[in-house]
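> I would like to see how this sequence folds:
(one chain, ligands or ions: 1)
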Amino acid sequence: MDDLIKQAAEDLAAASKVTALTGAGISIESGIPHFRGKGGLWERFDPMEIAHIDALMRDPARVWTILIKEMKEIVDSANPNDGHKGLAKLEEMGKLETVITQNIDGLHQAAGNTDVIEFHGTFAWQRCMDCSQKYETRNVDISEIPPRCSCGGILRPDAVFFGEMIPQDALWRSRQIASDCDLMLVVGTSAVVQPAALMPVVAKESGAKVVEINPERTPLTDEISDYLIMGGASDIMNRIVAELEKIS
Ligand code: APR
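Okay, here's the model as predicted:
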């Protein structure tokens, strides 16, 4: 393990264009539930029943009651952990340019990263399903569910539900950045949801090193990643940053 931390620090020091792809695993230590595996949201709920666009259109009040209300309570009070802060520190050190995240919690920006592509949109804003007006989520009154726009329309998160398209600018820029980087850090994603999981493949095919940080193996581990540093994002990021500070 120590060897891999050293290797990652050396690879970061040698790289000239570093990008990160993150998933729900990086926010677990901030109290935000992940989706798959033990304790994940999809163990409690069927995503097709609760996080599919058809479910939202059919019965927004139900989706608000079961999923969005709880998400709002959790996300409103969440703070970045050392995993997010480690990536922000890499940017501060001039090592990391862009974070592509599947997360909608805004914690990379809160930690200080300035170029964050929100691949699955954001929970920071709610959008009217009728007139598209946006409201900051933390200011939305949820004493009545579902909350409504001043036009009377129902509000929904400005995030991507299953069955919806990835925002085209996010997809386009992510592909560009993945094919342009020479090192991609892949932190806390099960790498099973497409097209996000394709970004490390694009990076690898374009000649970049792919370094995974995850307590578990993923479909990328054998095929795409140069190596996997097994562990939680906070601990591993702290150690990589400390090692990088020593050698740079
Ligand atoms: N640090 C880093 N990774 C961790 C940690 C930790 N402390 N704890 C768990 N993990 C890893 C898990 O091993 C798993 O590989 O985080 C990953 C979480 O996987 P998912 O829950 O599937 O999250 P993600 O990959 O972001 O899911 C992608 O699926 O449902 C959709 O839209 C949702 O954006 C989400 C997408």
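> okay, CA-based contacts and neighbour counts for the rest of this
Fine.
> where in this structure is pLDDT low?
Across the chain, not a single residue meets the criterion (pLDDT under 70).
> Go again with 90.
Residue ranges of the chain with pLDDT under 90: 1-2, 37-42, 44-45, 47, 248.
> I'd say residue 109 and residue 117 touch.
No - using CA atoms under 8 Å, residue 109 is not in contact with residue 117, being 10.2 Å away.
> So between those two, which is more surrounded?
Neighbour totals were compared for residue 109 and residue 117, and residue 117 leads with 21 against 16 (other CA atoms under 10 Å).
> which ones are touching that one?
For residue 117, the contacting residues are 98-101, 170, 174, by CA atoms under 8 Å, 6 or more residues apart in numbering.
> any idea whether it is helix, strand or coil?
Assigned by DSSP: H, G, I helix; E, B strand; the rest coil, the conformation of residue 117 is strand.
> residue boundaries of the helices in the chain?
Remark: helices assigned in the chain by DSSP state H are 2-14, 41-44, 47-50, 53-58, 60-63, 69-76, 82-92, 107-111, 168-180, 199-205, 219-223, 233-247.
> Point out the residues in the protein that sit beside the ligand.
23-26, 28, 34-36, 102-103, 187-191, 193, 214-216, 232-233 (CA under 6 Å from any ligand atom).
> Name the nearest residue to residue 218, ignoring sequence neighbours.
Nearest-residue entry for residue 218: residue 190, 5.7 Å, with adjacent residues in sequence omitted and distances by CA to CA, 6 or more residues apart in numbering.
> List the residues that contact residue 241.
By CA under 8 Å, 6+ apart, the neighbours of residue 241 are 9, 86, 89-90.
> any idea how far residue 239 is from residue 67?
From residue 67 over to residue 239 the distance is 35 Å, taken as CA to CA, to the nearest Å.
> Residue 15 now?
From residue 15 to residue 239 the distance is 18 Å (CA to CA).
> Ok, residue 61 next?
Taking CA to CA, one finds residue 61 at 44 Å from residue 239.
> do the same with residue 137
34 Å.
> Repeat that for residue 37.
Look at residue 37 and residue 239: by CA to CA, they are 26 Å apart.
> The two: who's more crowded?
residue 239 (18 against 10).
> Tell me which residues touch the closest residue to that one other than its chain neighbours, please.
The shortest distance from residue 239 to any non-neighbouring residue, by CA to CA, 6+ apart, is to residue 5 (6.8 Å). Counting by CA under 8 Å, 6+ apart, residue 5 touches 229, 236, 239-240, 243.
> Over to residue 205?
Each residue near residue 205 by CA under 8 Å, 6+ apart is listed here: residue 179.
> Nearest to residue 182 among the contacts of residue 117?
residue 98 (12.4 Å; CA to CA).
> Any idea what the closest one is bridged to?
Residue 98 has these beta-bridge partners by DSSP bridges: residue 19.
> picking that back up, so which of the helices of the chain comes closest to residue 147?
Here helix 60-63 is closest among the helices of the chain (CA to CA), at 8.8 Å.
> packing partners for the closest one?
helix 53-58 (3 or more CA pairs under 8 Å, 6 or more residues apart in numbering; DSSP states H and E).
> how about the residue nearest to residue 26 when sequence neighbours are not counted, phi and psi?
Nearest non-adjacent residue to residue 26, counting by CA to CA, 6+ apart: residue 188, 5.0 Å away. Backbone torsions of residue 188, given as degrees, to the nearest 10, read phi 70, psi 40.
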